[in-house]
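> quick one, structure for this:
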Amino acid sequence: MVRYIFIYFECESIIFHLDNIYTFAALKKTSPSFIVMEEKSKESVIIHNLKNSGFRQIHVDGAQGGLTPSGKFNLNFYAERMVIPKGTEFEINENGTLGDQIRHVDGSKKGIVREFEFGIYMSLEACESLKNFLDKKIEEIRSSTSETK
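This next block holds a predicted model:
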């Protein structure tokens, strides 16, 4: 809540508001007087955050996206990993335990997999809001890591 302190003198009144001083027209008083006034509170609303039963958190290495034909922004998130072979052949030791790996079975892929977990569609306003949120959080991280160095 914003508070104002009015001080009335013989020829003028001064309002102290935070770090600023404003001078206003004279109100005839014979001695200084002090009045503390409060500005009317702004209306507010509480937004309650609920987790859907399907809520989950996942690791993300990156994203790809673009615009949809209807003008929404599409962003698809992925995690990267090495391929999982279709199968692996191992030697069998004399005591019946697994020995050295011989090879991956035929048809196993080579390289890196980008597994897309989920995608989102947003309006321009939602994109700007997300961008502003991320910019603030990036600055907080940079500030906190530079303070610890």
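
> can I see the domain layout of the protein?
The chain breaks down into these domains under automatic domain parsing: 3-38, 62-148.

> any chance of these in CSV, plus mean pLDDT and distance to Ile46?
(Each C-beta comes from the backbone N, C-alpha and C, glycine too.) Compiled in CSV, the domains of the chain are given as follows (pLDDT from 0 to 100; distance: least, C-beta to C-beta, whole Å):
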stretch, mean pLDDT, distance to Ile46
domain 3-38, 45, 22
domain 62-148, 93, 19
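
> would you mind giving those as JSON lines with distance to Ser53 added?
Shown next, in JSON lines, are those (distance: least, C-beta to C-beta, whole Å):
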{"stretch": "domain 3-38", "distance to Ser53": "45"}
{"stretch": "domain 62-148", "distance to Ser53": "16"}
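
> among those, which comes closest to Asn49?
domain 62-148 (14.3 Å; C-beta to C-beta).

> and of the domains of the chain, who's closest to Val45?
domain 62-148 (16.8 Å).

> redo the domains of the chain as TSV? Include distance to Val45 and mean neighbour count.
Listed next are those as TSV, based on distance: least, C-beta to C-beta, whole Å; neighbours: other C-beta atoms under 10 Å:
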stretch	distance to Val45	mean neighbour count
domain 3-38	21	11
domain 62-148	17	11
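
> ok, which of the ones you listed comes nearest Lys51?
Closest of the domains of the chain to Lys51 is domain 62-148, at 15.6 Å (criterion: C-beta to C-beta).

> end to end on the closest one, go ahead and measure it.
One end of domain 62-148 to the other measures 27 Å (C-alpha to C-alpha, to the nearest Å).

> ditto for stretch 41-58
Stretch 41-58 has an end-to-end distance of 41 Å (C-alpha to C-alpha).

> would you pull up how far that stretch lies from the middle of the chain?
Chain-centre distance of stretch 41-58: 14 Å, with C-alpha atoms, centre = their mean, to the nearest Å.

> what about the closest residue to Ile112 other than its chain neighbours, distance to Phe118?
Once flanking residues are discounted, Ile112 sits nearest to Glu80: 5.7 Å by C-beta to C-beta, 6 or more residues apart in numbering. Computed as C-beta to C-beta, to the nearest Å, the Glu80 to Phe118 distance reads 15 Å.
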